[in-house]
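[1] 3D, please:
(one chain, ligands or ions: 1)
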Amino acid sequence: MTPSWRRACPPSRRAVSRIGTSWSCPPADTFHVEPGDEQGAEPPLELIRPAVVDDVFGVEVTLADRYVHHLADTGVSHGLIGPRERPRLWERHVLNCAAVAELIPAGSRVADVGSGAGLPGVVLAIARPDLQVTLIEPLLRRVGWLTEVLDDLALPNVELRRARAEQLWDEIEVDVVTSRAVARLEELARLSLPLLRAGGTMLALKGSSAVEELSAAQSALVQLGIRESEVVCCGGELLEHATIVTRLVLGGRAQRLGSDRTTKKKSSGRAARRHRGTQPNRR
Ligand SMILES: C[S@@+](CC[C@H](N)C(=O)[O-])C[C@H]1O[C@@H](n2cnc3c(N)ncnc32)[C@H](O)[C@@H]1O
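    Okay, the predicted model is just below:
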């Protein structure tokens, strides 16, 4: 069945580019909020649930409601979400993430790097039951919270791994890697791209600096094996602020650049075979 988001969402407005083409998105610095920044913030307001939620999640809307309830409750009390985010959890966090679903082909294997409270990985898994989603998160407190939430939601298409992305390069191979608010583009690509199969796609939810970051990362992206890049706006017809996504497509397999602590420990024959011929730079 076609997921509801794909039915509801018109085609993305996108600026397709070879690396380096400049393009401006509407303002949407929507998610760079650290829980620690919110200590002593004003008392939380009521959670606002936009009407569009039903269209976006369709038959999965009950699961989406439950997830947002967890975010608003223990997500806030455990410090994963700032209290001032509570009234805007839907628009600024959940719908912002759900918009990315339209960029992911049916049946894809997805790895979400730095999931934190499950954004965007859990949202995508709810909105798109056809996806197989692996959440990657190294911090124990966040993994503990995610474990409880996933137990409650009982999503059959989600796996949770407590690790840094770099530690899973030889274990995970997916079609699409996602991330939101984890690192600047160059560093994000360095640690995320080796999780992809040859020709796979990286989708990084970014703010209004996406084009600037893409320009700055050009030469590193070429070295890493990127053959196509673009900044895409999605969900703009349904959301107050479109979601800005940097989309990178690999030509073949990713090259491994930068300090790779995990490759030093690598010993499996499978991994050695798969990456024969690459020369990790151990600066
Ligand atoms: C600012 S939080 C964002 C969390 C979530 N994606 C969101 O948008 O709310 C960044 C997350 O990235 C995780 N992280 C940082 N470096 C990482 C790495 N190398 N591999 C996987 N996760 C990482 C952190 O533990 C943290 O949970």
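
[2] make it CA atoms for all contacts and neighbour counts henceforth
    OK.

[3] shaky segments in the stretch 51-200 of the chain?
    Under the criterion pLDDT under 70, no range of the stretch 51-200 of the chain is flagged.

[4] so which residues of the stretch 1-150 of the chain form helices?
    Secondary structure of the stretch 1-150 of the chain by DSSP state H, counting those that start in this stretch: the helices cover 4-8, 53-57, 61-70, 76-77, 95-98, 121-127, 140-153.

[5] among these, which is nearest the ligand?
    Taking CA to the nearest ligand atom, helix 140-153 is the member of the helices of the stretch 1-150 of the chain nearest to the ligand, at 6.7 Å.

[6] spell out whether the following helix or strand past the closest one and the ligand are in contact.
    Downstream of helix 140-153, the first helix or strand assigned by DSSP states H and E is strand 158-161. No. Strand 158-161 lies apart from the ligand when judged by CA under 6 Å from any ligand atom; the minimum separation is 9.5 Å.

[7] what's in contact with strand 158-161?
    122, 125, 132, 133, 134, 135, 136, 137, 138, 143, 147 (CA atoms under 8 Å, 6 or more residues apart in numbering).

[8] now the buried members of these.
    Buried members of these, scored by 16 or more other CA atoms under 10 Å, are 122, 125, 132, 133, 134, 135, 136, 137, 138, 143.

[9] so which of these also contact the ligand?
    Within those, those near the ligand by CA under 6 Å from any ligand atom are 136, 137, 138.

[10] in strands, which of those residues appear?
    If you go by DSSP state E, these have residue 136 in strands.

[11] partner strands of the longest strand belonging to the chain, with direction?
    In the chain, with assignment by DSSP E, the single longest strand is strand 196-206. With DSSP bridges as the test, strand 196-206 is paired with strand 174-180 (parallel), strand 243-250 (antiparallel).

[12] heading C-terminal from it, find the next helix or strand.
    Next along the chain after strand 196-206, taking DSSP H and E as the criterion, comes helix 210-216.

[13] what's the burial count for residue 51?
    Around residue 51 there are 9 other residues, counting by other CA atoms under 10 Å.

[14] then the one 3 residues further on?
    Other residues within reach of residue 54, judged by other CA under 10 Å, total 17.

[15] for residue 46, same thing?
    Residue 46, neighbours per other CA under 10 Å, totals 10.
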